[in-house]
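> My questions concern the predicted model and sequence given below.
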Amino acid sequence: MRTSTERRLVVVPLVTGLGALFLVGPSTAQASPTPVSITVEAGSLSISAPTVMVDLGTMSTADHTVISGSLGSVDVVDERNAATDGQWVASVVATDFTNSSGGVIPAAAIDYRVGQISHSGSGTFTALDPSGLSTTRPVVRGTDLAGPNSASWSPTITVSVPSESMAGTYTASITHSVS
């Protein structure tokens with residue numbers, strides 16, 4: 001009698017195993033990007049000067065030459081944070097001196113002397129010392145500026161008083177600007 005032995009090929013677990021391998025592979029993740037923005041604003045450039053009446057003094061009608069005095073501190077603050085080669089120019093203009101009797105000392109008779117400039121930050125600060133303030137004139141120039149900077153000075157104002165000027169209190173306005 002013959003005995004038979006059965007042989008079985010066990011392929012099912014292997015095929016099932018491969019099938020499982022393909023079915024369990026990495027899943028596809030869902031992405032949801034969020035837009036993000038940053039706004040970097042330019043810093044400011046500003047100038048300040050005394051806002052109260054500055055008295056240059058008293059002179060006799062017999063003197064009729066010049067009178068001068070300090071205007072007080074003028075300050076420029078530059079927070080624009082220039083990377084290199086930044087610059088600004090401070091300027092000044094004046095009105096004529098007038099009095100209640102109709103007397104006039106022209107703004108062209110006003111001289112402006114910057115004096116010493118104290119500063120912070122990197123750059124070159126140059127005094128320009130204009131004469132005659134009837135039109136806008138540059139007084140201090142900041143050049144080769146890098147990063148924040150500031151400059152301060154206390155100018156001396158000199159007024160040449162014409163010999164024909166009438167007695168009285170004269171007033172004018174001196175306006176500083178920076179750009």
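Noted; the coordinates are in hand.
> all contacts plus neighbour counts: C-alpha atoms, from now on.
OK.
> So what's the residue count around the nearest residue in space to Ser73 that is not next to it in sequence?
Nearest residue to Ser73 in three dimensions, chain neighbours excluded: Ser154, at 4.5 Å (Cα to Cα, 6 or more residues apart in numbering). Ser154 has 18 neighbouring residues, counting by other Cα atoms under 10 Å.
> ok, which stretches of this protein are helices?
12-23 (DSSP state H).
> about what we covered before: what distance do you get for the residue nearest to Ser73 to Leu71?
Ser154 is 6 Å from Leu71, where distance means Cα to Cα, to the nearest Å.
> Which stretches in the chain count as strands?
Applying DSSP state E to the chain gives strands spanning 45-48, 66-70, 74-78, 86-94, 97-98, 104-105, 110-113, 118-127, 137-153, 156-160, 174-178.
> Can you name the residues that contact the residue nearest the centre of the chain?
In the chain, the residue lying closest to the centroid (Cα atoms, centre = their mean) is Leu45, at 2.3 Å. If you count contacts by Cα atoms under 8 Å, 6 or more residues apart in numbering, Leu45 has them with Val76, Val77, Asp78, Glu79, Arg80, Val178, Ser179.
> And for Asp144?
Counting by Cα under 8 Å, 6+ apart, Asp144 has contacts Thr84, Asp85, Gly86, Gln87, Ser122, Gly123, Thr124.
> Report the contact partners of the fifth one.
For Ser122, the contacting residues are Asp144, Leu145, Ala146, Gly147, Pro148, Asn149, by Cα under 8 Å, 6+ apart.
> so where is the protein shaky, pLDDT-wise?
Low-confidence segments of the chain (pLDDT under 70): 1-27, 63-64.
> about what we covered before: filter the contacts of Leu45 down to the buried ones, ChimeraX style.
Restricted to buried positions by 16 or more other Cα atoms under 10 Å, the ChimeraX selection for those reads:
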select :76,77,78,80,178
